[in-house]
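1. Structure for this input, please:
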Amino acid sequence: MKTKAIKNIFALALILFTVLGCGRYEEGPCISFRSVEKRIYGSYHVSYISKNCIDETNYWNKYFDLIFSIKELSPADISDHIGMQVDGYIDSCGSWKRFTLPLYSIHYWKEEDDETVMIVNHMYDTTMYPERLFYPLIVSAGTIPRDSFHISRLTNEDLWLFHSHDNDVYNIHFRKQI
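-> Next comes the predicted model:
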């Protein structure tokens with residue numbers, strides 16, 4: 001009798017883990033016991049970027065060599081905040097200059113089926129990198145995106161975001177650094 005009860009409890013627990021652990025993204029892992037917030041952690045580079053379905057990846061690769069690192073903030077911090085650090089190089093009039101944004105807090109939240117992150121990568125001094133602003137990823141302090149970046153795909157390797165502003169739609173595909 002005890003053996004049957006233990007088997008039933010084990011079967012019920014296995015079913016619950018499977019149902020609660022399934023990812024919401026069809027391309028993602030079938031079962032993940034980590035939350036989206038935990039799966040988003042990692043160091044990424046831009047593998048594709050478009051504005052209104054026009055591929056801007058070649059332009060990005062020509063002028064930007066940046067790594068976007070998403071990390072967990074101190075456990076004492078608010079749970080819906082994660083940290084992002086941007087590091088790398090930006091072409092400035094034909095010469096590559098170091099660009100670093102220290103670790104700062106970004107928001108992550110979920111509303112129904114929509115999971116979003118708020119990213120605020122802005123240059124404090126745009127004169128060092130003339131004509132190298134790239135909305136919505138690298139902006140000046142006065143043009144920080146008010147809207148969020150919506151997660152459209154999240155796998156062990158990829159983080160895809162889309163962002164809309166006025167009549168423009170941006171798709172950004174990040175790939176994890178190996």
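
2. Just the CA trace of the host helix or strand of Ile49, in PDB.
-> If you go by DSSP states H and E, Ile49 is part of strand 42-51. The C-alpha coordinates for strand 42-51 follow below in PDB (Å, rounded to 0.1, in the frame of the first residue of the first chain):
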ATOM      1  CA  GLY A  42      25.100  35.400 -20.300                       C
ATOM      2  CA  SER A  43      27.300  37.400 -22.600                       C
ATOM      3  CA  TYR A  44      25.900  38.200 -26.100                       C
ATOM      4  CA  HIS A  45      26.900  39.800 -29.300                       C
ATOM      5  CA  VAL A  46      24.500  41.100 -32.000                       C
ATOM      6  CA  SER A  47      24.100  38.500 -34.800                       C
ATOM      7  CA  TYR A  48      21.300  40.200 -36.600                       C
ATOM      8  CA  ILE A  49      19.600  43.600 -36.400                       C
ATOM      9  CA  SER A  50      16.900  45.100 -38.600                       C
ATOM     10  CA  LYS A  51      14.800  48.200 -38.800                       C
END
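
3. and the helix or strand just after it, which strands flank it?
-> Moving toward the C-terminus from strand 42-51, the next helix or strand (DSSP H and E) is strand 54-55. Applying DSSP bridges, strand 54-55 is found paired with strand 42-51 (antiparallel).

4. if you average pLDDT over the strand it pairs with, what comes out?
-> Strand 42-51 comes out with an average pLDDT of 92.

5. before we move on, back to that, list the buried ones in the strand holding Ile49?
-> Residues of strand 42-51 classed as buried: 42, 44-47, 49-51 (neighbour count, 16 or more other C-beta atoms under 10 Å). (Glycine included, C-beta is placed from N, CA and C.)

6. quick one: which of those is nearest Phe64?
-> Closest approach between those and Phe64, by C-beta to C-beta: Val46, at 7.3 Å.

7. Isn't Ile82 up against Arg39?
-> No: Ile82 lies out of contact with Arg39 (C-beta atoms under 8 Å); the separation is 11.2 Å.
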